[in-house]
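Engineer: Whatever this is, show me its structure:
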Amino acid sequence: MKKIALMFTMLMFAAFVMAQTDEQAAPQANPNAPEISFDKNVHDYGTVPYQGDGNCEFTFTNTGKEPLILTNVRSSCGCTVPKWPREPILPGQTGIINVEYKTNRIGSINKTITVQSNAKTETVVLRITGQVLQPDQTTPPENAKPMGGK
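Structural biologist: I've put the predicted structure just below:
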């Protein structure tokens, strides 16, 4: 019984020491880290004609104290193509993410663009919404159904 109690005590001590070491090794938040601030998180196209202009922009500013680097920008489907700056955005500077939605799909637009960076908020999700009209339509039908996907 003494051996079991001794082993239990040693295990508890080892767990305590490991927990203390993990707390000390945990990275501290960088108070000077870049911060990304968008002028809008949603772009609403409204109604767009079939094969109409599906381009929009999301403007952002680095409001932090260190250079902002966008590491990845991806869309929720292949019909939405983002283009983003590859160079660092210095504190106080702005950048633009251009998004092209291919309007050859009739129906609702509800897609996301995920922005990953070295900012304090590492991931930001942007959204595009709207309605692509049928080729012979000038206004959306009242009972329009969303197309597949997000």
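Engineer: Strands along this structure, start to end?
Structural biologist: Taking DSSP state E as the criterion, the chain contains strands spanning 36-38, 42-48, 55-62, 70-75, 80-83, 94-101, 107-117, 123-132.
Engineer: low-scoring stretches of the protein, by residue?
Structural biologist: 1-27, 137-150 (pLDDT under 70).
Engineer: Gly107 and Leu133 touch, don't they?
Structural biologist: No - between Gly107 and Leu133 there is no contact under Cβ atoms under 8 Å: 9.3 Å. The C-beta positions use only the backbone N, C-alpha and C, and glycine is treated the same way.
Engineer: quick one, which of the two is more surrounded?
Structural biologist: Leu133 (19 against 16; other Cβ atoms under 10 Å).
Engineer: Isn't that one up against Arg105?
Structural biologist: No - Leu133 is beyond contact range of Arg105, at 11.3 Å (criterion: Cβ under 8 Å).
Engineer: Going by neighbour count, list what's buried in stretch 62-72.
Structural biologist: The neighbour-count check on stretch 62-72 (16 or more other Cβ atoms under 10 Å) flags Asn62, Gly64, Glu66, Leu68, Ile69, Leu70 as buried.
Engineer: Quick one: the strands of the chain as a markdown table, columns for distance to Gln28 too.
Structural biologist: A markdown table is the format used below for those (distance: least, Cβ to Cβ, whole Å):
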| stretch | distance to Gln28 |
| --- | --- |
| strand 36-38 | 20 |
| strand 42-48 | 34 |
| strand 55-62 | 21 |
| strand 70-75 | 21 |
| strand 80-83 | 32 |
| strand 94-101 | 27 |
| strand 107-117 | 19 |
| strand 123-132 | 20 |
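Engineer: from the chain's centre, how far out does stretch 77-84 sit?
Structural biologist: Relative to its chain's centre, stretch 77-84 lies at 13 Å (Cα atoms, centre = their mean, to the nearest Å).
Engineer: Can you list the buried residues in it?
Structural biologist: Buried residues in stretch 77-84 (16+ other Cβ under 10 Å): Cys79, Thr80, Pro82, Trp84.
Engineer: hey, what's the residue nearest to the third one when sequence neighbours are not counted bridged with?
Structural biologist: Distances taken as Cβ to Cβ, 6 or more residues apart in numbering put Val73 closest to Pro82, at 4.6 Å, once the chain neighbours are dropped. On the basis of DSSP bridges, Val73 is bridged to Val115.
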